[in-house]
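> let's see this in three dimensions:
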Amino acid sequence: MGKVLWHVAMSLDGFVAADGHAMDWMSGVHITPGVHEESIARIGAILGGRRGFDALAATAPGKVAKQPYGGAWSGPVFVLTHHPEDAQAEDGVTFLDCDVREAVEIGLAAAGGKDLELHSQDIARQCVELGLVDEFFVHLMPVMLGSGVRLFDNPGGKPVRWDRVHDGDPALAIDLRFRPAPRH
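Numbers count the residues shown, from 1 in each chain. Here you go, the predicted model:
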């Protein structure tokens, strides 16, 4: 059985998408070589949310299912929504109207033993609260957005602790240093 994987790129100020779910802020920023290929090999299905789907569909109608990882990944995409009847139909996308736990079960079954990747911060938050996330993988990008879609928006919620996956102390903090990039 695959894992439920919450995998995101995040700005230094905690946003995973700009206003309107825009992702153009990532252009010119690079992920460590080999990481995308490793991720693509692990993913069997994707579970996303309606707001993100609608934002992507507005910019690339009929192509949302072809966009993950720049088109390098293909497979079943599920979109959790309370209103599947008014969703814009697309090949490769299945709209689900159920609770999060059931959506995760459906996605894992479709993943065929590979991972189910979460592409919605609200769904990921709910999965964290339900104890459904097996692994959290974040790429910290050297940019500040100022506003947009927060990584984990849970006012009044309890802190969620994670153990790092690496050699050494799993509770050790990560120290990062940055300086302003030259202006072009």
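
> C-alpha from now on. contacts and neighbour counts both.
OK.

> can you classify Pro155 by secondary structure?
coil (DSSP: H, G, I helix; E, B strand; the rest coil).

> tell me how far it lies from Gly92.
Distance, Pro155 to Gly92, using Cα to Cα, to the nearest Å: 35 Å.

> between those two, who's got more neighbours?
Of the pair Pro155 and Gly92, Gly92 is the one with more neighbours under other Cα atoms under 10 Å, namely 15 against 6.

> which other residues reach the worst-scoring helix or strand of the chain on mean pLDDT?
Least confident element among the helices and strands of the chain, by mean pLDDT, DSSP states H and E: helix 50-59 (a mean of 87). If you take Cα atoms under 8 Å, 6 or more residues apart in numbering as the criterion, helix 50-59 is touched by 20-22, 63-64, 79-81, 88, 120.

> let's see 10 Å
17, 20-23, 60-65, 67, 78-84, 87-90, 93, 95-96, 119-122, 149 (Cα atoms under 10 Å, 6 or more residues apart in numbering).

> give me the buried subset of those residues.
17, 21-22, 62-65, 78-81, 93, 95-96, 119-122, 149 (16 or more other Cα atoms under 10 Å).

> re earlier: on the C-terminal side of the least confident helix or strand of the chain, identify the next helix or strand.
strand 77-80 (DSSP states H and E).

> can you name every helix or strand that that next one contacts?
strand 43-49, helix 50-59, strand 93-96, helix 100-110, strand 115-119 (3 or more Cα pairs under 10 Å, 6 or more residues apart in numbering; DSSP states H and E).

> can you tell me which residue is spatially central in the protein?
For the chain, the residue nearest the mean C-alpha position is His119 (3.2 Å; Cα atoms, centre = their mean).

> hey, what's the closest residue to that residue other than its chain neighbours bridged with?
Of all residues not flanking His119 in the chain, Gly48 sits nearest, at 4.5 Å (Cα to Cα, 6 or more residues apart in numbering). Assessed by DSSP bridges, Gly48 has beta-bridge partners Val79, His119.

> who are the contact partners of Gly48?
77-81, 93, 95, 103, 117-124.

> closest one to Phe136 among the helices and strands packed on strand 77-80?
Evaluated over these, closeness to Phe136 peaks at strand 115-119, with 9.8 Å, by Cα to Cα.

> give me the contact list for that closest one.
Strand 115-119 is contacted by residues 1-8, 39-49, 52-53, 68, 76-79, 104-111, 124, 127, 133-136 when judged by Cα under 10 Å, 6+ apart.

> mind listing what's buried in that strand?
Within strand 115-119, judged by 16+ other Cα under 10 Å, the buried ones are 115-119.

> go on, stretch 53-62?
Buried residues in stretch 53-62 (16+ other Cα under 10 Å): 53-54, 56-57, 62.

> distance to Pro182 added to those, as a markdown table?
Output for those, formatted as a markdown table (distance: Cα to Cα, whole Å):
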| residue | distance to Pro182 |
| --- | --- |
| Phe53 | 34 |
| Asp54 | 35 |
| Leu56 | 31 |
| Ala57 | 34 |
| Gly62 | 38 |
